[in-house]
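J.: 3D model of this:
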Amino acid sequence: MPSCSQCKMLVNDECSATAELSQVLGRPAHRIGSCMIPIVDAYLPLVKKGMRVLEVGCGSWPKLKDHCAKVGAHYEGIDTQAEYFGKKTVATKVENLAELSYETDSFDLVIGNQTMEHWAEYGCRVQWGLYQCFRVCKPGGSVFLNIPFFFHGTDYFLFGKEVAIRHLFEPFSSSITLEHWGWPSDPLPPIYTYPNFWAMKDKPAHIVDIRAVKNKPLPTGYHNYWGTSGRVSRVLNKPFSWNLFLVLRRLGVFKHVEPS
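T.: Numbers count the residues shown, from 1 in each chain. Below you'll find the predicted structure:
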């Protein structure tokens, strides 16, 4: 597991990825989000000429799209929005993963950078989103998804449920790896996103890179019933303790503390 001390982006005991990503996006980037730079750098050598690559939740970061153009791979990207913070996304289609329109067995590689934790917030159940990713992935192809633990998102990710997340992948693949990035964080200080939330006070935020090969027949029985957004999604997909914490904080029982 690459700790911060082993990361190529550590320069003079500082994370150079944060400044790099901020410059590309045109807005301040968080150190947790910046981990996707070295992670995607590790993906790029696996993208070869003639491959078809889909990026889900692509946002406005063009690194993967530009690399595909450079090596002669075909790139497609989806996002629910045409632009973020006034910057146009690199999406080739503006659509929700829940209604993914590509044909089955269309792509050699499906990639999502820190997007899986938000699927349920936009009306796409995590199980259904995974089904969609593997549905459009060719047999023998791969799905790469990197996600934050103890940072934000829905239940699986907010509480870092590694075993449960692995189980979500198992119907599609018998070749699954999970690699932790940015943990331990030395020499950088650990990031405690909600230090006064009792369930997360001692849980440092970091990134997990998940890679899975599609080597099983596509399972049946998947659906997107109960796929909701907004407040209903927050109740259904966030831990009860988290919603309780937000209510208590709003009532002044807990002070708002900036992530450390």
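J.: just confirm residue 23 is within a helix.
T.: Yes - under DSSP: H, G, I helix; E, B strand; the rest coil, residue 23 falls within a helix.
J.: ok, it to residue 17 distance?
T.: Using C-beta to C-beta, to the nearest Å, residue 23 is found at 11 Å from residue 17. All C-beta atoms are positioned from the backbone trio N, CA, C, and that covers glycine.
J.: ranges for the helices of this structure?
T.: In the chain, the helices defined using DSSP state H lie at 16-25, 31-34, 36-43, 63-71, 126-136, 155-158, 162-169, 230-237, 240-250.
J.: contacts for the second one?
T.: When you say that, I think you mean helix 31-34. Under the criterion C-beta atoms under 8 Å, 6 or more residues apart in numbering, residues 9, 15, 17-18, 20-21, 114, 148, 151, 182, 188, 191, 205-207 lie in contact with helix 31-34.
J.: average pLDDT for that helix?
T.: Helix 31-34 carries an average pLDDT of 92.
J.: mind listing the strands for this structure?
T.: In the chain, the segments counted as strands under DSSP state E are 10-11, 14-15, 52-56, 74-79, 83-84, 87-88, 93-94, 107-113, 137-149, 175-181, 206-213.
J.: among the ones you listed, which is nearest residue 245?
T.: strand 137-149 (17.7 Å; C-beta to C-beta).
J.: among the contacts of helix 31-34, name the buried ones.
T.: Applying 16 or more other C-beta atoms under 10 Å to the contacts of helix 31-34, the neighbour count classes 9, 15, 17-18, 21, 114, 148, 151, 182, 188, 191, 205-207 as buried.
J.: low-confidence ranges, the stretch 1-150 of the chain, go.
T.: Along the stretch 1-150 of the chain, segments meeting pLDDT under 70 span 1.
J.: if we go to 90?
T.: Applying pLDDT under 90 to the stretch 1-150 of the chain picks out residues 1-2, 21, 23-29, 33, 84-87.
J.: give the contact list for residue 208.
T.: Here residue 208 is in contact with 146, 147, 148, 149, 160, 162, 165, 178, 179, 180, 181 (criterion: C-beta under 8 Å, 6+ apart).
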